[in-house]
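>>> no sequence on hand, only this structure:
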């Protein structure tokens, strides 16, 4: 800013944007020049505003949406997507409604310059339209409730992935449809129970910062039956996942399947607390993802939430997220998305165990082959022989 340029904070609007809403779009284009145009919201998804009725939106990576009174109704941001065939990242420009950041659990700590801690369910959800939900067993009564609560977008949410090793995984399963979740009574009508009001918008899953219990009750549709389940609540602080205490010993990889005993089927609409998850070979309480280890040119860390949401189980808490070209890891096949379970015969269930196993090798291992047991992302075990070069590829953390 130059001199005494007057600057005021823009007020945020909690008005919900809908399809057809008129907004003022102000942003910086690819030449970093400001543009401003009045346009229309042409589409709304469960989380973002993917389209505006102006070609300028596809050329701007940062900006905001405002109403006629200058209140900010949404932020326009850039998001990285999958890589193209040429190796470049796809970049998407999408809007985020301002009501997503107006939560007291988010704004309160930020104003105090503290880290916000949100509480919710460790799952990935996808919207399901009424035709598909009916095919999955949704009753006529719930269809009428959904139509009454959200006539513009008749949808419910299905669990697409559950975070491996999370407390939420003890209660929810993939393909569960979340019909209703316990919320504050102020969010619904006085004559209605929160468990009678369907979840049709993603912000309705916010249990609130002051929720007194460690779990919430939820009505789910599972295998064409309505069940009332008790779902543990997870804390999200932006620093990554925390892991439950699991047995320290990693069993030998097995290619064969084994029989398991299924729990008895829950009774319809009776509270259920699922049994703790079976031992998966990982060990106790790994800290959040604030630590990485470079070994043989491979970047090793504890798995982050995106990995956990796509994993059926955790072979260990030692995850290879990257590697350098020309390194021993690159030469001998220690690749990203693999889990390291053993180094030179020593189990590595956690990052601490991995560092200890590598340290035991010592300088004498330079120029020698080290046997590394890994499990691929689709749970296929393998054994690698990695020849170390500690001069050019030392161990760093």
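Cool, got the structure. All values reported here derive from a predicted model rather than from experimental measurement.
>>> surely residue 315 meets residue 341?
Yes. With contacts counted by C-beta atoms under 8 Å, residue 315 reaches residue 341, the gap being 5.4 Å. (Each C-beta comes from the backbone N, C-alpha and C, glycine too.)
>>> Three-state assignment for residue 132, please.
For residue 132, the assignment made with DSSP: H, G, I helix; E, B strand; the rest coil gives helix.
>>> any idea how far it is from residue 71?
Residue 132 sits 37 Å away from residue 71 when distances are taken as C-beta to C-beta, to the nearest Å.
>>> ok, now residue 157?
Counting by C-beta to C-beta, the gap between residue 157 and residue 71 amounts to 29 Å.
>>> more crowded one of these two?
Of the pair residue 157 and residue 71, residue 157 is the one with more neighbours under other C-beta atoms under 10 Å, namely 24 against 15.
>>> grab the nearest non-local neighbour of the more buried one.
residue 125 (4.3 Å; C-beta to C-beta, 6 or more residues apart in numbering).
>>> check contacts around the one you found.
Taking C-beta atoms under 8 Å, 6 or more residues apart in numbering, we find residue 125 in contact with 46, 157-160, 178, 202, 205.
>>> in strands, which of those residues appear?
Secondary structure defined by DSSP state E assigns 157-160, 178 of those to strands.
>>> and those, which of them are buried?
Applying 16 or more other C-beta atoms under 10 Å to the ones in strands among the contacts of residue 125, the neighbour count classes 157-159, 178 as buried.
>>> next, the residue nearest to residue 157: secondary structure please.
When classified by three-state DSSP, residue 125 comes out as strand.
>>> what pairs with it across the strands?
Using DSSP bridges, the beta-bridge partners of residue 125 come out as residue 159.
>>> residue 31 versus that one, what's the distance?
Plainly put, residue 125 is 38 Å away from residue 31 if you go by C-beta to C-beta.
>>> and the helix or strand encompassing residue 218, what does it pack against?
Secondary-structure element containing residue 218, defined by DSSP states H and E: strand 215-222. Strand 215-222 is packed against strand 177-181, strand 225-232, with contacts defined by 3 or more C-beta pairs under 8 Å, 6 or more residues apart in numbering; DSSP states H and E.
>>> and of these, who's closest to residue 219?
Nearest of the helices and strands packed on strand 215-222 to residue 219, taken as C-beta to C-beta: strand 177-181 at 4.4 Å.
>>> packing partners of the closest one?
Judged by 3+ C-beta pairs under 8 Å, 6+ apart, strand 177-181 is in contact with strand 155-162, strand 215-222.
>>> and those as CSV, adding distance to residue 348?
Output for the helices and strands packed on strand 177-181, formatted as CSV (distance: least, C-beta to C-beta, whole Å):
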stretch, distance to residue 348
strand 155-162, 25
strand 215-222, 33
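>>> distance to residue 362 and mean pLDDT added to these, as JSON lines?
JSON lines is the format used below for the helices and strands packed on strand 177-181 (distance: least, C-beta to C-beta, whole Å; pLDDT from 0 to 100):
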{"stretch": "strand 155-162", "distance to residue 362": "41", "mean pLDDT": "93"}
{"stretch": "strand 215-222", "distance to residue 362": "48", "mean pLDDT": "92"}
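>>> so which of the helices and strands packed on strand 215-222 is nearest residue 395?
Ranked by C-beta to C-beta, the member of these that lies closest to residue 395 is strand 225-232, at 37.1 Å.
>>> ok so, going back, can you tell me which of the helices and strands packed on strand 215-222 is most buried?
The highest mean neighbour count among those belongs to strand 177-181 (a mean of 23), with neighbours defined as mean count of other C-beta atoms under 10 Å.
>>> strands paired with it, and their directions?
In the sheet, strand 177-181 lines up against strand 155-162 (antiparallel), strand 215-222 (antiparallel) (DSSP bridges).
>>> for the nearest residue to residue 83 once chain neighbours are set aside, give me its contacts.
Closest residue in space to residue 83, ignoring its immediate chain neighbours: residue 89 at 5.8 Å, by C-beta to C-beta, 6+ apart. With contact taken as C-beta under 8 Å, 6+ apart, residue 89 is in contact with 80-83.
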